[in-house]
Each structure stands twice: as structure tokens, then as C-alpha cells.
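> Next one to model:
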Amino acid sequence: MTAASSSFRQRDWGAALTLCIVVSALRLLWPGDTQWINDEPLFLTKAAAINAGQSSIGSGLLGTVGLTYGPVAVWIFAALLRISSDLMHVVILRTVLWCVTSSIALLWLARLSTRLRPLFLCLVLLSPYTWLYSRHLWDNTWLMPLGALALAGYVAFHQAQAAWKLAVAVLAMALAVLIHPMVLPLGIVLVVHLLRFHGTWLRTNPKVVVALCAACLLLAAPWLWFLAQQVLSKKSVLPPPPPPMLPPAEAPVPFWRSLVFPFLGGLQLTGLGLDYFLGADFWQHTAWVQPLMLVTAAAQLLVWLGMWLAAKEVRAGFGTRHQQGPEFHLALLCVATFCVQWCMQVIVRRHTHPHYYNGTWICYVYFFSLALSSKLSSTWQRVARAAVAAVLALSLSAVTTAMALQLHQQGGTTGLHFGATLQNQLQVARTLGRYHPDSPIHIEVKNYLMFPHALPMLRALSHTTGDPSAPLRTLQVRYQDPSGATGWIKVDEAPTAQP
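Take a look at the predicted model:
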């Protein structure tokens with residue numbers, strides 16, 4: 001490596017590290033601007049109950065496929081609540097943990113690859129999806145940093161076998177699986193690759209294998225015991241009564257939608273598709289954002305280009321054993337994971353929701369950075385690539401900043417997938433806490449009608465259940481703007497009837 005290339009590499013590392021630190025620090029602004037809808041209060045309430053010794057530690061929430069997921073996400077939230085019972089502090093701690101783990105994984109992966117440029121690998125942190133998911137008090141979003149850490153740890157082990165590297169990969173994957181099964185495509189590929197290419201090492205290091213298996217079994221034991229009790233129990237659990245207002249049913253979609261959906265994972269690296277969270281009218285007062293959102297579609301094009309380059313690398317590697325270097329195996333892992341994910345999503349008919357990409361997020365990040373990092377022969381191509389990266393970074397930063405500012409100014413949305421911000425809902429809880437606990441409350445907020453547990457659980461967690469010495473009043477919880485233009489909600493005293 002020449003002195004010039006070494007200096008360039010150092011500058012690239014410096015820029016990538018600076019980007020990670022700055023983006024992570026900015027994520028800590030306005031921690032209350034996050035969701036509190038349905039699963040969030042359930043997770044935090046269960047975590048608080050575990051801390052109080054009032055709940056089993058062996059289960060997460062019941063999933064949409066009828067399986068109760070693993071308890072690791074609840075354990076994490078329970079640990080954060082032990083540090084602080086203030087939900088704003090919990091959001092901050094959760095965001096720090098997400099950002100630090102993701103940054104370490106991305107930088108570690110860049111360190112292991114001679115091809116991937118660290119700065120281009122870390123550009124994905126500018127995406128508005130990472131802003132939303134890094135602070136979300138939910139389980140599925142933990143799959144992004146844990147999946148990335150599992151891949152980085154395994155690639156490090158593949159290049160230089162060491163027990164601690166395999167332990168990082170195995171434990172990160174075990175934690176992810178015990179959060180949500182959506183990470184299984186990556187886990188399956190890592191296990192198959194380990195057995196195929198490192199069988200000899202496993203046979204010569206039985207103590208390490210036994211220790212890692214024991215650690216995974218220990219982590220999974222509470223959940224397995226919970227599942228066994230569910231199977232053996234003959235008690236039937238009555239379904240909860242329907243809420244006053246049901247969430248809207250998903251419109252039927254054609255079968256081909258699940259065939260195409262896995263190819264659109266680059267969406268999470270763009271500013272497209274945010275209507276899912278924010279609603280179609282969110283940007284009506286900031287029309288200048290729309291062209292920038294279209295510019296960010298370049299990230300999806302780069303993901304497709306990276307898929308093609310990775311598939312080409314894998315095909316060439318299978319053609320001759322001499323080409324099966326570290327870059328081949330990294331490409332093989334990501335391409336194989338994508339193929340397994342495609343098969344699983346087609347079989348179970350998963351589509352539409354962007355969090356369905358979270359389990360394999362790191363593979364889409366790899367494809368994106370591979371497309372930007374590949375060697376180019378001519379100067380004009382390198383200049384064009386740098387220009388694309390710069391424009392993409394600026395566009396993503398502008399879209400994410402505009403989204404964060406508008407959510408803060410509007411107090412969230414009135415839609416199902418975001419709603420009023422947690423900070424605003426805490427203000428409502430504190431206001432209700434100044435009244436007698438028996439005060440009748442009339443709810444006019446859509447998300448509270450669909451998920452009636454959200455407000456009572458928030459009041460219990462924030463210790464705002466009411467003051468017995470306070471006045472007894474009939475209260476209304478409603479939108480501040482009846483037109484639905486903003487997400488702000490408030491508490492009003494209902495007008496008293498005139499005699």
C-alpha cells in the first residue's frame with residue numbers, strides 16, 4: 001500500500017468514525033418523539049412487572065403467527081428500567097445501545113473487508129428509518145444491530161479462528177433469535193457455513209462448542225420452559241374483548257407481492273415509503289422534501305447493483321477454489337441469506353411492512369456499500385461515484401432532519417403506525433394524574449380506541465394514576481386540532497350540564 005493510499009484510508013476511517021459519533025449524538029435529541037402505540041406499552045409493562053417479581057421471565061409477546069416470541073427484548077427493557085424508571089431516560093439508553101452496537105458492527109465489518117469503504121458502509125446511519133428504529137421501544141428493531149454484530153463476528157472468525165469471535169457471533173445470533181424469528185435466514189446461513197467450512201475446527205475444539213451450546217441453552221431455557229408449560233397446560237385462555245375501535249384490516253394483495261417484496265429491502269436505506277409511518281399528508285407543508293426523497297431512491301438502485309456484483313463474486317468463486325477469498329465468503333453469506341429470506345417470505349406471504357427487512361438489514365447494507373466501494377478503472381467513474389455518495393448523504397440527511405423537525409413540531413401524527421409522540425402522551429398522563437382516579441374519561445383519540453391499554457399502562461409506568469384528594473371531573477382526551485393536521489392530543493374537562 002502506497003503512502004497516498006494509506007493516508008486516504010486513514011481519512012476514510014476518520015470520516016466514518018466521525019459520522020457514527022455525530023449521528024449517534026443527534027439521535028439523542030428529543031427522545032420523546034417516538035411511538036407509544038400497542039406493543040410498546042405491553043413490553044415496558046411486562047419489563048416493569050419482571051423487575052417487581054410479578055411476571056415470568058420466560059416470554060415475550062404473542063406474535064402474529066400464534067407463537068409467543070422469546071423474552072430477550074423484555075429483559076433488555078427490564079434492565080433499562082432498573083437504571084431509570086423515567087421513560088425518557090429509557091428511550092435515551094435504548095438509543096445509545098442501538099447506535100453503539102450498530103456502529104461497532106459496521107466498523108468491524110469494514111475492518112474485515114479489503115473492499116468495503118468504512119464511510120460508505122456507515123452512510124446507512126443517515127437513513128430516516130434508522131432514526132425511527134433506533135429509538136423505538138420495540139423488539140423487532142433490535143434485530144438490526146444484533147444481526148450486524150453476528151455477521152461481523154462470524155466473518156472475523158472465518159478469517160482468523162478464535163473462540164471469542166465465534167462466541168460474539170453465536171451469542172449475538174442467539175439473542176436475536178430469542179427476540180424475533182425474523183432473523184432466522186441469517187442464522188441458518190451462518191450455521192450452514194460454519195459446518196461446511198469450519199467442521200475441522202469445531203471437532204478439534206469440543207470445549208468451545210459445548211460451552212457455546214450450553215450458553216445458548218441457558219439463554220433459551222426460560223422461553224423453552226414457558227413453551228413447554230403452554231403445550232402441557234389444558235387451561236384455555238379466553239381472548240380479550242374487542243376494543244371500541246378495531247385497527248383497519250389490511251387490503252388483500254396479489255401473490256406476486258411477496259415474490260417481489262424481498263428485492264425492495266433497499267427501501268430502508270432511502271427516504272421512500274415513510275408514508276407507512278407518517279401518513280400521506282405529512283409533507284404537505286414541506287413540498288421541497290419530495291424531490292429529495294426521490295433522489296434517495298438511488299440507494300435502492302445501488303442495492304440492486306450490489307446484489308448483482310455479489311452474485312457475480314459468488315459465481316466466480318464457485319468456478320475456481322483459488323478465488324474463494326474473504327470477499328467471496330462475505331458475498332456468499334449475504335447472497336445466501338437473501339435467498340433464504342426470499343423463500344421464507346414467499347412461503348409465509350410476508351410483505352408491505354418495512355420491519356420485515358430488519359432481520360437481514362445488514363445484508364442490504366452490504367450490497368449497498370459493495371456497489372459504492374467496488375474498484376473503478378477511470379478517474380471520471382470515481383468522481384461520479386463520490387458525487388453520488390455525497391448527494392445521497394446530503395439528501396438522506398435533509399429528509400431525516402425534516403422528518404424529525406416536523407414530528408417534533410406536530411407532536412407526531414394521527415396515524416396508526418406513529419400516533420401522538422410519547423412525550424405528548426406523557427403530558428396527557430400527567431394532566432390526568434392531577435384529577436381524582438375515579439374521574440370518568442371519554443377517549444376521542446383513534447390509537448387509544450384501537451389499543452385501550454396504552455394510556456392506562458403509560459399512567460401506571462409514569463405513576464400518574466390520579467390523586468385521591470383531587471377533584472372528580474368528567475374528562476376528555478382528544479386531538480388538539482380536530483382536522484387531524486397534527487398529532488397533538490390534550491385533556492379537557494367536559495362541560496358541565498346547566499341546571
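> contacting residues for residue 103?
20, 21, 24, 122, 125 (Cβ atoms under 8 Å, 6 or more residues apart in numbering). All C-beta atoms are positioned from the backbone trio N, CA, C, and that covers glycine.
> which residues are in contact with the helix or strand that contains residue 119?
Assessed by DSSP states H and E, residue 119 sits inside helix 118-122. With Cβ under 8 Å, 6+ apart as the test, helix 118-122 has contacts from 12-13, 15-17, 19-20, 103, 106-107, 109-111, 365, 368-369, 372-373, 389.
> Now intersect those residues with the helices, please.
Cross-referencing these against helices under DSSP state H gives 12-13, 15-17, 19-20, 103, 106-107, 109-111, 365, 368-369, 372-373, 389.
> Write the PyMOL selection for whichever of those residues are buried.
Command for PyMOL that selects the buried part of the ones in helices among the contacts of helix 118-122, burial taken from 16 or more other Cβ atoms under 10 Å:
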select buried, resi 13+16+19+20+103+106+107+109+110+365+368+369+372+373+389
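> returning to what we had before: helices and strands around the helix or strand following the helix holding residue 119, which ones?
Following helix 118-122 in sequence order, the next helix or strand is helix 128-134 (DSSP H and E). Packing partners of helix 128-134 (3 or more Cβ pairs under 8 Å, 6 or more residues apart in numbering; DSSP states H and E): helix 87-112, helix 379-410.
> how about these in a markdown table, adding mean pLDDT?
Shown next, in a markdown table, are these (pLDDT from 0 to 100):
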| stretch | mean pLDDT |
| --- | --- |
| helix 87-112 | 97 |
| helix 379-410 | 92 |
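> Surely residue 452 is in contact with residue 244?
Yes - with contacts counted by Cβ atoms under 8 Å, residue 452 reaches residue 244, the gap being 6.8 Å.
> From the opening residue of stretch 154-165 to its closing one, how far?
End-to-end span of stretch 154-165 (Cα to Cα, to the nearest Å): 7 Å.
> What are the contacting residues of it?
108-109, 112-113, 153, 166, 168-169, 190, 193-194, 197-198, 201, 205, 208, 326, 329-330, 333.
> Buried members of the contacts of residue 103 into ChimeraX, please.
Per 16+ other Cβ under 10 Å, the buried members of those correspond to this ChimeraX selection:
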select :20,24,122,125
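> Can you tell me the closest non-neighbouring residue to the residue most central in space within the chain?
Geometric centre of the chain, nearest residue: residue 141, 2.2 Å, by Cα atoms, centre = their mean. In space, and not counting its chain neighbours, residue 141 is closest to residue 133: 4.1 Å by Cβ to Cβ, 6 or more residues apart in numbering.
> In this structure the one you found contacts residue 139, no?
No - under the criterion of Cβ under 8 Å, residue 133 makes no contact with residue 139, lying 11.4 Å away.
> higher neighbour count, the two?
Between residue 133 and residue 139, counted using other Cβ atoms under 10 Å, the more crowded position is residue 139 (27 against 24).
> Do you know the pLDDT at the more buried one?
At residue 139, the pLDDT value in this model is 95.
> which residues does the closest residue to residue 325 other than its chain neighbours contact?
Once flanking residues are discounted, residue 325 sits nearest to residue 317: 7.9 Å by Cβ to Cβ, 6+ apart. By Cβ under 8 Å, 6+ apart, residue 317 lies in contact with 323, 324, 325, 328, 331, 332.
> tell me which element the fifth one is part of?
Right, the one you point to is residue 331. helix 326-347.
> which parts of that helix are buried?
327-338, 340-342, 344-346.
> got the CA positions of that helix in CSV?
Output of helix 326-347 as CSV, limited to C-alpha atoms (Å, rounded to 0.1, in the frame of the first residue of the first chain):
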residue,chain,number,x,y,z
PRO,A,326,-12.6,-13.4,2.3
GLU,A,327,-14.6,-11.2,-0.1
PHE,A,328,-16.1,-14.3,-1.7
HIS,A,329,-17.3,-15.7,1.6
LEU,A,330,-18.8,-12.4,2.7
ALA,A,331,-20.6,-12.2,-0.6
LEU,A,332,-21.7,-15.8,-0.2
LEU,A,333,-23.1,-15.2,3.2
CYS,A,334,-25.2,-12.2,2.2
VAL,A,335,-26.4,-13.7,-1.1
ALA,A,336,-27.4,-17.0,0.6
THR,A,337,-29.2,-15.1,3.4
PHE,A,338,-31.1,-13.1,0.8
CYS,A,339,-32.1,-16.4,-1.0
VAL,A,340,-33.3,-18.0,2.3
GLN,A,341,-35.2,-14.8,3.2
TRP,A,342,-36.9,-14.8,-0.2
CYS,A,343,-38.0,-18.4,0.2
MET,A,344,-39.3,-17.8,3.8
GLN,A,345,-41.2,-14.6,2.9
VAL,A,346,-42.8,-16.2,-0.1
ILE,A,347,-43.9,-19.3,1.9
